[in-house]
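S.K.: Build me a structure from this.
(one chain, ligands or ions: 1)
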Amino acid sequence: MSWSSLSVEQRAAALEPLAMRLADRAEDLAELIHQENGKPRSEAMSMEVVTSVRLARWCCAQAPVVLGPRSVRLPMAPHRRVRIHRRPYGHVLVISPWNIPLYIPLSQVLAALLAGNRVTLKPSELTPRCGDAIGELLADLLPPDTLRIVQGDGAVGASLIEARPDRVCFTGSVGTGRKVMAACAAHPVHVTLELGGIDALIVRADADLELASSAVAWGATFNGGQACCSVERLLAHSSIIEPLLARIEAKLRRIGPSTDLGPAIDQRQLGVWRTHVADARERGLQVTGGEELEGRRMAPVLVHGVGTEASRAWTEESFGPIVAALPFESDEQARALHDATDFGLTASVFTGDLAAGEALASSLRAGSVAVNEVAATVYGHPELPWGGVDGSGFGRSHGQEGMVENTWTQVVDLPRMGVEPKPPWYYPYDDEQERAFASLSRALARPGFRRAGRAATALARFVSRRPRL
Ligand code: NAD
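M.R.: Just a heads-up that it's a prediction; the model follows:
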């Protein structure tokens, strides 16, 4: 039996052992991620392995609930019985980055598989062994040829799109995302784009500065700052910005360069960090940190001062341990400064007033916003849909939305009873038929399914007395 012809319950049952496998191999997987990507082992364990275990468990439990068929009643046709099905696209291509080399591809591969698709995964050329590990974990749980791991660089990714999969799920930079979307448009095939961000953390005047400063220190530097959802911009109320920056500076200095801080993935990425730091210095901004450390690491950087809003650290994705800060006077100004970018992935609000925090959070143009927590943590919860708006891409992975994204929707419209009268909208058209539909319009305008249903049944009886063509 092919994978797609199994029921969603059967597919979930087949993939059920994955969570335990991941847990049994937890130490090996964390070590592999550490070796290949460079991030601290403890970070690999907390942010990729634990989250993958939870993801596998949640996805297998939820897939039958989310992807099963549902029935819909039609007020205009109560004699019909409609089922809505989620059908797999067929062949899904997942293209992944190197920065979260286990959890990102695994979450997208798993959602596509549970929906009944065949999957090709092209991991980043910088983390091929993590991609192979996903193949090994899943191989014997699936029929042959259901999951393929294809290694290679961007040219290989482009050729895989040329081969015309039925859907592409891409995670990576905005520049590559544009090329991927253009290539998908040529066929066309369905595409999800999970792109970059220059995410902001907003600190209101009533915030707990101890908590907020720790959140900035961690949120801007975990994974060496190489996360789409890193805190790259800090917006602080002018009345507390000085003491807040002093605390952040002190905490950034205490981050262990070899124990806590991940290295730049390669020289090119280190080059971007250098450029952003040099640009801030040339503009005469206050820059702390930025010293180059052993093993492609950089001491975490804090940029602030008059003119910060024009700096590259503020306007471009650094994808490094760099945070730039600006003051604001009101929530409205904070919102405007937050939204004045092409990106919209995550944002965080720190405040002692939860109602005001929720109001500000809800008004921001970002896919996920957290109050008194770094919004990057949203990514670790498989229950929550993940994705951005504007330049950060579109579509969702994770959550029910991420599962549904791997399916196309089919409506199957059936007769409720064996013998169907000819419907009232068939020919011939005449005044009597028109009047009958006019009274149906008036019945449908009033709330209440029953009233509309009765009117539609009456119409069907009435018109079917007159022979239809
Ligand atoms: P990248 O765009 O350089 O590469 C991503 C993947 O695309 C790699 O596998 C690469 O080989 C492939 N690729 C490159 N050119 C291609 C082409 N023409 N056609 C098809 N595939 C091609 O990104 P990266 O450096 O690996 O990752 C960093 C970027 O990813 C950052 O911008 C970061 O913000 C973003 N990111 C976003 C999310 C998210 O969920 N929104 C998560 C992680 C990373």
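
S.K.: quick one: low-confidence parts of this structure?
M.R.: For the chain, applying pLDDT under 70 flags the ranges 449, 462-464.

S.K.: Around the ligand, which positions in it sit nearby?
M.R.: Taking CB under 6 Å from any ligand atom as the criterion, the chain approaches the ligand at residues 95-100, 104, 122, 124-125, 153-154, 157-158, 161, 171-173, 176, 179-180, 194-197, 228, 317, 319, 345, 388. Quick note: C-beta positions are derived from backbone N, CA and C, even for glycine.

S.K.: May I see the PyMOL selection of the buried members of these?
M.R.: A single PyMOL command selects the buried members of the residues of the chain next to the ligand (16 or more other CB atoms under 10 Å):
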select buried, resi 95+96+97+98+99+100+104+122+124+157+158+161+171+172+176+179+180+194+195+196+197+228+317+319+345+388
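
S.K.: Sort out for me which of the residues of the chain next to the ligand are in strands.
M.R.: 95, 122, 171, 194 (DSSP state E).

S.K.: Most widely separated two among those residues?
M.R.: Farthest-apart pair in these is Lys122 and Glu194; separation 14.5 Å (CB to CB).

S.K.: Pretty sure Ser397 sits against Glu194.
M.R.: Yes - shown here, Ser397 and Glu194 form a contact pair, counting by CB atoms under 8 Å, at 6.3 Å.

S.K.: mind giving me the domain ranges of the chain?
M.R.: Annotated domains of the chain cover 8-196+398-410, 199-342+346-381, 422-465 [automatic domain parsing].

S.K.: all helices of the stretch 301-450 of the chain, in order?
M.R.: In the stretch 301-450 of the chain, the helices defined using DSSP state H, counting those that start in this stretch lie at 312-315, 331-339, 354-363, 399-404, 431-445, 449-465.

S.K.: Identify the contacts common to Ser397 and Glu194.
M.R.: The overlap between the contact sets of Ser397 and Glu194 (CB atoms under 8 Å, 6 or more residues apart in numbering) consists of 169, 171, 386-387.

S.K.: Quick check: of those residues, which has the highest neighbour count?
M.R.: Cys169 (30 neighbours; other CB atoms under 10 Å).

S.K.: That one: what secondary structure?
M.R.: Classification of Cys169 by DSSP: H, G, I helix; E, B strand; the rest coil places it in strand.

S.K.: So it sits against Phe394, correct?
M.R.: No - counting by CB under 8 Å, Cys169 stays clear of Phe394, with 11.8 Å between them.

S.K.: anything in contact with each of the two?
M.R.: Residues touching both Cys169 and Phe394 comprise Thr192, with contact defined as CB under 8 Å, 6+ apart.

S.K.: Can you show me the helices along the stretch 101-250 of the chain?
M.R.: With DSSP H, counting those that start in this stretch as the criterion, the stretch 101-250 of the chain has helices spanning 103-114, 128-138, 154-162, 174-185, 209-219, 241-253.

S.K.: Just name the most buried of those helices.
M.R.: When you average the neighbours per residue for each of those (mean count of other CB atoms under 10 Å), helix 103-114 leads with a mean of 26.

S.K.: Show me what that helix is packed against.
M.R.: Here helix 103-114 touches helix 8-15, helix 50-67, strand 91-95, strand 118-122, helix 128-138, strand 167-171, helix 399-404, going by 3 or more CB pairs under 8 Å, 6 or more residues apart in numbering; DSSP states H and E.

S.K.: Pipe these into a markdown table and attach distance to Pro144 per row.
M.R.: Converted to a markdown table, the helices and strands packed on helix 103-114 look like this (distance: least, CB to CB, whole Å):
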| stretch | distance to Pro144 |
| --- | --- |
| helix 8-15 | 13 |
| helix 50-67 | 21 |
| strand 91-95 | 15 |
| strand 118-122 | 11 |
| helix 128-138 | 12 |
| strand 167-171 | 21 |
| helix 399-404 | 24 |
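
S.K.: for these, which one sits closest to Asp260?
M.R.: With CB to CB as the measure, helix 50-67 is the member of the helices and strands packed on helix 103-114 nearest Asp260 (18.0 Å).

S.K.: Adjacent strands (with direction) for the very next helix or strand once past that closest one?
M.R.: Per DSSP states H and E, helix 50-67 leads on to strand 70-72 as the next helix or strand towards the C-terminus. Partners of strand 70-72 in the sheet, by DSSP bridges, are strand 80-88 (antiparallel).

S.K.: and the strand it pairs with with strand 167-171, angle?
M.R.: Interaxial angle, strand 80-88 versus strand 167-171 (axes from the mean of the first three to the mean of the last three CA atoms, to 10 degrees): 50 degrees.

S.K.: Any chance you could list what contacts strand 80-88?
M.R.: 4, 67-74, 115-117, 404, 406-416.

S.K.: ok, 7 Å please
M.R.: Contact partners of strand 80-88, identified using CB atoms under 7 Å, 6 or more residues apart in numbering, comprise 4, 67, 69-72, 74, 115-117, 404, 406-416.

S.K.: likewise stretch 187-195?
M.R.: Residues contacting stretch 187-195 (CB under 7 Å, 6+ apart): 89, 164-171, 173-174, 177, 180-181, 184, 387-388, 391-395, 397, 405.

S.K.: repeat that with 6 Å
M.R.: Outside stretch 187-195, the residues that touch it by CB atoms under 6 Å, 6 or more residues apart in numbering are 164, 167-171, 174, 177, 181, 184, 392-395, 405.

S.K.: ok, now stretch 142-161?
M.R.: Stretch 142-161 is contacted from outside by 3, 93, 95, 118-122, 125, 128, 131-132, 135, 138, 183, using CB under 6 Å, 6+ apart.

S.K.: Mind picking the two most distant members of those residues?
M.R.: Trp3 and Glu125 (27.6 Å).

S.K.: which stretches of the stretch 251-400 of the chain form strands?
M.R.: 286-288, 292-293, 297-298, 301-304, 322-328, 346-350, 368-371, 393-394 (DSSP state E, counting those that start in this stretch).

S.K.: Tell me which of these sits most buried.
M.R.: Most buried among the strands of the stretch 251-400 of the chain, counting by mean count of other CB under 10 Å: strand 346-350, with a mean of 29.

S.K.: now that strand, how far from the chain's geometric center?
M.R.: Remark: strand 346-350 is offset 16 Å from the chain centroid, using CA atoms, centre = their mean, to the nearest Å.
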